[in-house]
Each structure stands twice: as structure tokens, then as C-alpha cells.
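Trainee: got a structure for you, letters missing:
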């Protein structure tokens, strides 16, 4: 599962859990987490993602080791299970944007327990980095994502600048390792405080993640739970700054779990399609791009006021995605991640049934060739022809 470079989108209900395999069996980068008690049921189609990570991550010392964990924002459907993960796994480096916690002070209990645990761990690591005056080492690293003014605040004023990024920056280092040939992240958001155009979701982390060095090849676009106004502004600002290559995608994770708010807006009490956003996303896809909804099954229709996923959004995405639209709970095997493996510069969806069929075909061909070669000869075939095992 983690022995090939690529990306996994886990079926975790309506919520996000995305795993990047940067170096096979060695360097993993997790973006968001939703691990539910329901997933522990053997009959559930939700993946017990913490258990899967513990099972498949490489070992360092006596603990499984996750090189990096990035939180887009601390809503429960993006952070559930973090306390459990932190207890069972050593996390080399955390990525977070302090602004997503700004509406909560340190004594606020309105956040879920896992969000509070993440905030406490992030603050611990900030203090460790300040005390070290640089790299605090494995299990203590943290990358702050914000704006220059953040380092003027008392809590962050002595934070090492090499672990601080702002929108417009590119990051090619993870957990103290230079991965510039294998991993490239362009930070698109969050915006400055005076540029925020919507609700608290508009403070969340937005990234293009490329498993390679060239953004022109396209990567994975992660917009978190953003809606049309913020996505529109991200596209406009990035294009204006001649950074459009950092918007190119082979895989687009449908924002806000396939919400129609990405391409529909209410104007004069009417729901209006904003075709411009679809046209731009279509133009920015590389090859036959795939759009992934990390959600429960997309219904055929919705009633007014329904939470995502939305049928309208699926319909619009299906019109532009050259490689198709897939859903973590509609496609793939039950409780198994949708896996895209890196083939050259291309992220190709791995189909377990197709792979098995190819394997069976190859075995059958080898058997036929072996039989043919042995006919008319006293030579004994040197290869086993499908019987027995080593």
C-alpha cells in the first residue's frame, strides 16, 4: 500500500484524510484526518485510518514514523482521531496556520478534543523550535504558515524563519530532509486578515502538492473547505503573479467534500452557476485529470439545505474532469483507499481488479509459452508453470 510513490484518499465518511507517499516505505505526508469509531466495525465501509497508518508506516525506534502532518483547519471532519494518532505514532513535523485557531483562546473548549490536542502539540513544538534557535529535531519540528506580521507577535517573534512559510512560497523540505527532486508544495492560502472574503473556512491552508520537481506536470490541488469567492481570488492572485503553473492539477480534491458552493452562488435570491470557475479549473488540468470527492456516496438529488456531497457539484465536475469523477465511498473496494500511483510524472489510479487481471493474464501467457517451448524437445522447462509454491 505504501510501497509505491503516490497518493491515497481514504473513505472516512464525509471528511478528509489524504496520504502522500513521497518515498516508498520511507517518507509519508498526511493531510487532515478523520478517524471514527464506526470505522472499527468490520462491517463498516469506512477505513480505520489510524490503524492503517500504524500498520504500514516505517518504524523508527520503537514507534511507527510519519514524516509530516498538515492540518488545513481544525473542524472535526479534518482532525478527528489526532490524539490517538499522536499517541501511537511519532510525527516528525506538523504544518499549521495559527489563524485557524484565532477565534479560540487557549482556554476555549468549543473545539473538539482532537483539535485542542493538535493546538497544544503545535504550540509545544513552536516553543521547542524557539528554544533550539533552529531545528528542534525529530518529533518536535513544526512549520508555521501565515504572513510576515505573525513573527512580530510575542508567541512567535523568535521562531526560526527557516520553518516559516507564507502564501506564494514553495516548500521542498520535510522533516529536516531536502526532497526537492521528489516533493514540492506551493502555498496558496490563507489570505491576510484584511483579504478574507468569507467565513472561518477561508482561513484554512490551501496547497498544490507535486510528487516531483516540476509544477507544470501538475499535482494534487487541495482547497480545504473553501467556497467560490475564495477560490476565485486564489486563481486570480496566482495568475496575476505569473504563478499559474502552481495551479495545475492532475488530481483535484473537490473542495468541502463536493459542495456546490464552489460553483454556485446565491444572487438576487436565485442560485447562479459560476461557469468561470469551472472553465478555469478545466483549463488548468494536466492531461485527463481526476476529481475526487472525499465523502459518503453522492446522492442523485439533494433537497434545499442538504449538507455536502451535492449532486449538482458532481454533475459539474463530471463535465470537466477528463479522467472522470470518483468518490471515496462510491469507487474502489470497501474501506480501502483510492490509490493513485506515480508512473513517470503521471498519477494513475490503481485498480486492484485490473491489476489482478493483468497478473492473471501474464501468468497464463507464461504458462502457454512454457508449454509451447517444451513441446518437441527433451528439455525440461526451467520455470514453474503455475503449480506449487516456493
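Mentor: Great, that's in hand. Every value quoted in this text rests on a predicted model; they were computed, and no experiment measured them. Numbers count the residues shown, from 1 in each chain.
Trainee: Please count neighbours and contacts with C-alpha atoms only from this point.
Mentor: Fine.
Trainee: And the helices in the chain?
Mentor: Here the chain has its helices, by DSSP state H, at 49-56, 76-79, 82-88, 113-132, 228-240, 255-258, 275-284, 311-320, 352-374.
Trainee: looking at these, which is buried most?
Mentor: helix 255-258 (a mean of 26; mean count of other CA atoms under 10 Å).
Trainee: Which pLDDT does the model give residue 99?
Mentor: We have a pLDDT of 82 for residue 99.
Trainee: Now it: closest residue in space that isn't a chain neighbour?
Mentor: Excluding the flanking residues, the one nearest residue 99 by CA to CA, 6 or more residues apart in numbering is residue 203, at 6.3 Å.
Trainee: Please identify the one among the helices of the chain that comes closest to residue 213.
Mentor: helix 275-284 (17.7 Å; CA to CA).
Trainee: What angle do helix 311-320 and the closest one make with each other?
Mentor: Helix 275-284 runs at 40 degrees relative to helix 311-320, counting by axes from the mean of the first three to the mean of the last three CA atoms, to 10 degrees.
Trainee: correct me, but the residue nearest to residue 99 touches residue 100?
Mentor: Yes. Residue 203 lies in contact with residue 100 (CA atoms under 8 Å); the separation is 5.7 Å.
Trainee: quick one: common contacting residues for these two?
Mentor: residue 73 (CA atoms under 8 Å, 6 or more residues apart in numbering).
Trainee: Compare these two (neighbour count), which wins?
Mentor: residue 203 (29 against 21; other CA atoms under 10 Å).
Trainee: Enumerate every residue touching the closest residue to residue 234 other than its chain neighbours.
Mentor: Distances taken as CA to CA, 6+ apart place residue 188 nearest to residue 234, at 6.8 Å, with adjacent residues excluded. By CA under 8 Å, 6+ apart, the contact set of residue 188 is 167-168, 205-208, 234, 238.
Trainee: at 10 Å instead, please
Mentor: 166-170, 205-208, 222-223, 231, 234-235, 237-238, 246-247 (CA atoms under 10 Å, 6 or more residues apart in numbering).
Trainee: Can I get the buried part of these as one ChimeraX selection?
Mentor: This is how ChimeraX selects the buried members of these, with burial counted by 16 or more other CA atoms under 10 Å:
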select :166,167,170,205,206,207,208,222,223,231,234,235,238,246,247
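Trainee: follow-up on the earlier one: can you redo the helices of the chain as TSV, where the extra columns are mean pLDDT and distance to residue 33?
Mentor: Putting the helices of the chain into TSV (pLDDT from 0 to 100; distance: least, CA to CA, whole Å) gives the following:
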stretch	mean pLDDT	distance to residue 33
helix 49-56	96	8
helix 76-79	96	5
helix 82-88	98	7
helix 113-132	96	10
helix 228-240	95	22
helix 255-258	97	14
helix 275-284	98	26
helix 311-320	98	23
helix 352-374	40	24
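Trainee: Pipe these into CSV and attach distance to residue 339 per row.
Mentor: Formatted as CSV, these follow (distance: least, CA to CA, whole Å):
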stretch, distance to residue 339
helix 49-56, 14
helix 76-79, 19
helix 82-88, 21
helix 113-132, 26
helix 228-240, 26
helix 255-258, 18
helix 275-284, 22
helix 311-320, 19
helix 352-374, 9
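Trainee: do you know how far the closest residue to residue 228 other than its chain neighbours is from residue 256?
Mentor: Leaving aside its sequence neighbours, residue 228 sits nearest to residue 262 (CA to CA, 6+ apart; 4.4 Å). For residue 262, the distance to residue 256 (CA to CA, to the nearest Å) stands at 8 Å.
Trainee: Need the overlap of contacts for these two.
Mentor: 225-227.
Trainee: neighbours around residue 1, how many?
Mentor: 15.
Trainee: Confirm for me that it is in contact with residue 9.
Mentor: No. Using CA atoms under 10 Å, residue 1 is not in contact with residue 9, being 12.0 Å away.
Trainee: list the residues that contact both of those two?
Mentor: Taking CA under 10 Å, 6+ apart as the criterion, residue 1 and residue 9 both touch 337, 339.
Trainee: For the stretch 151-300 of the chain, give me the ranges with low pLDDT.
Mentor: Filtered on pLDDT under 70, the stretch 151-300 of the chain yields the residue ranges 193-202.
Trainee: if you set the cut-off to 90 instead, what comes out?
Mentor: The stretch 151-300 of the chain contains residues with pLDDT under 90 at 151-152, 190-204, 269.
Trainee: Tell me how far residue 229 lies from residue 91.
Mentor: Distance from residue 229 to residue 91, by CA to CA: 34 Å.
Trainee: ok, for residue 158, nearest residue in space, not its chain neighbours?
Mentor: Closest to residue 158 by CA to CA, 6+ apart is residue 130, at 5.8 Å.
Trainee: What is the burial count for residue 41?
Mentor: For residue 41, using other CA under 10 Å, the count is 12.
Trainee: and the closest residue to residue 207 other than its chain neighbours, what does it touch?
Mentor: Spatially, and ignoring its direct neighbours in sequence, residue 207 is nearest to residue 187 (4.9 Å; CA to CA, 6+ apart). Contacts of residue 187 were listed using CA under 10 Å, 6+ apart, and they are 145-146, 165-171, 205-209, 246.
Trainee: mind checking which of the helices of the chain is nearest residue 296?
Mentor: That would be helix 255-258 among the helices of the chain, by CA to CA, at 8.8 Å.
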